[in-house]
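1. Could you work out the structure for the sequence below:
(one chain, ligands or ions: 3)
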Amino acid sequence: MVLPGKETEFWLESHSVIPRGKPFLLVVLDGWGENKEDEYNAIYKANCPTIKALRTGAPRRWRTIKAHGTAVGLPSDGDMGNSEVGHNAMGAGKIIQQGASLVDDALESGSMYMGEGWNYAKESWASGGTLHFIGLLSDGGVHSRYDQLAALMHGAFDHGCKRIRVHILTDGRDVPDGSSVKYVGQLEKDLENLRSHGCDALIASGGGRMCVTMDRYEADWSIVERGWHVHVLGEAPHKFESALEALTKLKEANPKVNDQFYPPFVIVDKEGTPVGPIHDNDCVININFRADRVIQISKAFEYENFSAFDRVRWPKVRYLGMMQYDGDLKLPSHYLIPPPLIENTSGQYLCANGIRTFACSETQKFGHVTFFWNGNRSGKVDDTLETYHEVPSDNIQFNKKPHMKAAEIAKAAQQALLSGEFDYVRVNFANGDMVGHTGDLEATKLACESVDQGVKLLVDAVESCGGIYMITADHGNCDDMAQRKKNGEPLLDNTGKVAPLTSHTLAPVPVAIGGPGLPSNVKFSDSLPKAGLANVTATYLNLMGFEAPPSYEPSLLAFD
Ligand SMILES: O=C(O)[C@@H](CO)OP(=O)(O)O
Ligand SMILES: [Mn+2]
Ligand SMILES: [Mn+2]
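-> Numbers count the residues shown, from 1 in each chain. Ligands and ions are numbered 1, 2, ... in the order given. Below you'll find the predicted structure:
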């Protein structure tokens, strides 16, 4: 192939120390932080000899970096990291002001209500339509935030909206299980307030985020179909007169049900009529700013030709995302806030310099190492140079099968490394995160062990092909499985048991480098104590034998 000349925008200089041409492995351990070593740290409690050896075997080639808060473009240092921001940063080498911050700014400045999106939405209620909000109901700050929903409801009322319906997805994954009752209470108060001012405002339908609407990467379209039935058609086996009643009665009927997995429900009036199905001329605003879990429902609302499930009825609504979720598909076509502009990604540079890439994960994280990595674009950067390999995830609760697809991912990546057909193999192991989100400590230990075995297979493969590796993570999760009191002690629930932590953590994440292809004088620099995930990108460009572009956050490497 003809490599680009110096004059092209994405041409990269050769690195002065590290040669090109060694197979390079990059592993992202999803949800794997470096945290206090106690009995609730699943990594510490599990048998993970490979990762332990990386950590203790080469101190100059192991360090931690920040993976939460402002270091990854989130509004505050109280915000835990997440896959979207983490993979965006690692893929693009920059700290990107993320969706949550952009929405905050637009609400604060008032520009939210001056854009094209808002005007488009307004036409609906100006001509008698109902305004529907759909989204994750919590203040987790990963996919959405309650205060932003509250601001938009009041904003709509101030702009003349007289009828609002809210379709809630209970969380329990970014916030503690059981907290949905609190968020529903808060929402009911705000709706009551709107009603007292003459706005007909009610909760109309809902369900748990992992059961209703918020599927991702087409793992299980039936999740979205269930959402369609309750939000749009107003149909569900479970009907209640209030959302609080729904949560209470569904829990009574099945005490094992949790916030993440509440079955779909519809709110009805005294006569049993659903209070808020979605009709022609209504407006639907999806309040999630994060893309992955709302792309499918957005397609269902937006696409004329749609065959993922039978919509039964497809109302002609004005549909808007909080942001545009997919830059390649331009989906949805209407949105409130322009998404962060993520340009000059590592993929663009590497493809322009002829690097042959193999990217692989299982369905649950497949888009993380492709879509998020490439700045929220669903296509490939270069079809001829890149192979994207998806291992189908099981559709189960992952504590039932904590090894997930780690072995299959490792095998596929091992083959890619040994084949000689790729220069760069990039994988994500989902287990620490996906099993961590179940709050099941014992299962999460097994999850960590499966990841460790996968990493071993790959580090051995790098060893045998003379390559270089970098092992890192996108944010914490399995490193702390207990909710904590202010003093750090585990919090007990009302039965006296330790309350499980299902969310991500604020922990920094490890970065380890090595492999026989890495010159012996390469180590981590001591001069970047505050480095974060965005510093990873220049580092791996160096490890592949390139100088990083000057616009990237600095490389973590130093040379003896
Ligand atoms: O499951 C998800 O959607 C999030 C948590 O809300 O996890 P991650 O950022 O690791 O994908
Ligand atoms: Mn993640
Ligand atoms: Mn997660």
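
2. which parts of the stretch 51-200 of the chain sit against ligand 1?
-> Selection of the stretch 51-200 of the chain residues close to ligand 1 by CB under 6 Å from any ligand atom yields 82, 83, 142, 143, 173, 174. To be clear about C-beta, it is placed using only N, CA and C from the backbone, and glycine gets the same treatment.

3. For those, give me JSON lines that also has neighbour count.
-> Putting those into JSON lines (neighbours: other CB atoms under 10 Å) gives the following:
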{"residue": "82", "neighbour count": "29"}
{"residue": "83", "neighbour count": "27"}
{"residue": "142", "neighbour count": "27"}
{"residue": "143", "neighbour count": "27"}
{"residue": "173", "neighbour count": "26"}
{"residue": "174", "neighbour count": "23"}
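
4. and ligand 2, which of these contact it?
-> Contacts with ligand 2 within these, as defined by CB under 5 Å from the ion: residue 83.

5. residue ranges for the helices of the stretch 1-150 of the chain, please.
-> Ranges of helices in the stretch 1-150 of the chain, per DSSP state H, counting those that start in this stretch, are 42-45, 49-57, 83-92, 99-109, 116-126, 146-158.

6. ok, now the stretch 351-500 of the chain?
-> Under DSSP H, counting those that start in this stretch, the stretch 351-500 of the chain gives helices at 363-366, 406-419, 431-436, 441-465.

7. And the contacts of the third one?
-> Read that as helix 431-436. Outside of helix 431-436, the residues within contact range by CB atoms under 8 Å, 6 or more residues apart in numbering are 29-32, 42-43, 83, 364-365, 398-399, 402-404, 406, 443-444, 446-448, 450-451, 473, 477-478, 481, 502, 504.

8. Can you report how many residues lie near residue 313?
-> 12 (other CB atoms under 10 Å).

9. ok, now which ones touch it?
-> Contacts for residue 313 (CB under 8 Å, 6+ apart) come out as 232, 233.

10. switch to numbering from 573
-> Done: numbering now begins at 573, and the last item shifts to residue 885.

11. Please, which helix or strand holds it?
-> With elements delineated by DSSP states H and E, residue 885 resides in a region that no helix or strand encompasses.

12. And residue 811, by the same measure?
-> Counting by DSSP H and E, the element that carries residue 811 is strand 810-812.

13. which intervals of the protein have sub-threshold pLDDT?
-> Counting by pLDDT under 70, the chain contains low-confidence ranges at 573-579.

14. Quickly note the distance from the residue of the chain most remote from its centre to residue 956.
-> For the chain, the residue at maximal distance from the C-alpha centroid (CA atoms, centre = their mean) is residue 843, at 40.5 Å. Remark: distance between residue 843 and residue 956 (CB to CB, to the nearest Å) = 62 Å.

15. same question, residue 738
-> In terms of CB to CB, residue 738 sits 47 Å off from residue 956.

16. between those two, who's got more neighbours?
-> residue 738 (27 against 8).

17. Leaving out sequence neighbours, find the closest residue to the residue of the stretch 973-1122 of the chain found nearest ligand 1.
-> In the stretch 973-1122 of the chain, the residue that lies nearest ligand 1 is residue 1005 (4.5 Å; CB to the nearest ligand atom). Once flanking residues are discounted, residue 1005 sits nearest to residue 603: 2.7 Å by CB to CB, 6 or more residues apart in numbering.

18. Please identify the residues of the stretch 573-722 of the chain in proximity to ligand 2?
-> 602, 655.

19. Not counting sequence-adjacent ones, nearest residue to the residue in the stretch 573-722 of the chain that ligand 2 sits nearest to?
-> Closest contact between the stretch 573-722 of the chain and ligand 2, by CB to the ion, is at residue 655 (3.1 Å). Distances taken as CB to CB, 6+ apart put residue 940 closest to residue 655, at 5.0 Å, once the chain neighbours are dropped.

20. now for the helices of the stretch 923-1072 of the chain, which one comes closest to residue 610?
-> Smallest distance to residue 610 across the helices of the stretch 923-1072 of the chain (CB to CB): 11.4 Å, for helix 1013-1037.

21. and residue 967, how many residues sit next to it?
-> 12.

22. ok, it touching residue 792?
-> Yes: using CB atoms under 8 Å, residue 967 is in contact with residue 792, at 4.7 Å.

23. what phi and what psi does the backbone show at residue 1084?
-> Backbone torsions of residue 1084, given as degrees, to the nearest 10, read phi -130, psi 140.

24. State the distance from the closest residue to it other than its chain neighbours to residue 1024.
-> For residue 1084, ignoring the flanking residues on the chain, the nearest one in space by CB to CB, 6+ apart is residue 626 at 4.0 Å. Taking CB to CB as the measure, residue 626 falls 10 Å from residue 1024.

25. As PDB, could you dump the C-alpha coordinates of stretch 748-764?
-> These are the backbone C-alpha positions of stretch 748-764, laid out as PDB (Å, rounded to 0.1, in the frame of the first residue of the first chain):
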ATOM      1  CA  PRO A 748     -27.600   2.000  44.700                       C
ATOM      2  CA  ASP A 749     -30.200  -0.600  44.200                       C
ATOM      3  CA  GLY A 750     -33.500   0.500  45.800                       C
ATOM      4  CA  SER A 751     -32.900   4.200  45.200                       C
ATOM      5  CA  SER A 752     -35.400   4.300  42.400                       C
ATOM      6  CA  VAL A 753     -38.100   4.900  45.000                       C
ATOM      7  CA  LYS A 754     -36.300   8.100  46.000                       C
ATOM      8  CA  TYR A 755     -36.000   9.300  42.400                       C
ATOM      9  CA  VAL A 756     -39.700   8.500  41.700                       C
ATOM     10  CA  GLY A 757     -40.600  10.500  44.800                       C
ATOM     11  CA  GLN A 758     -38.600  13.400  43.700                       C
ATOM     12  CA  LEU A 759     -40.100  13.300  40.200                       C
ATOM     13  CA  GLU A 760     -43.700  13.000  41.600                       C
ATOM     14  CA  LYS A 761     -43.000  16.200  43.600                       C
ATOM     15  CA  ASP A 762     -41.800  18.100  40.600                       C
ATOM     16  CA  LEU A 763     -44.800  16.900  38.500                       C
ATOM     17  CA  GLU A 764     -47.200  17.800  41.300                       C
END
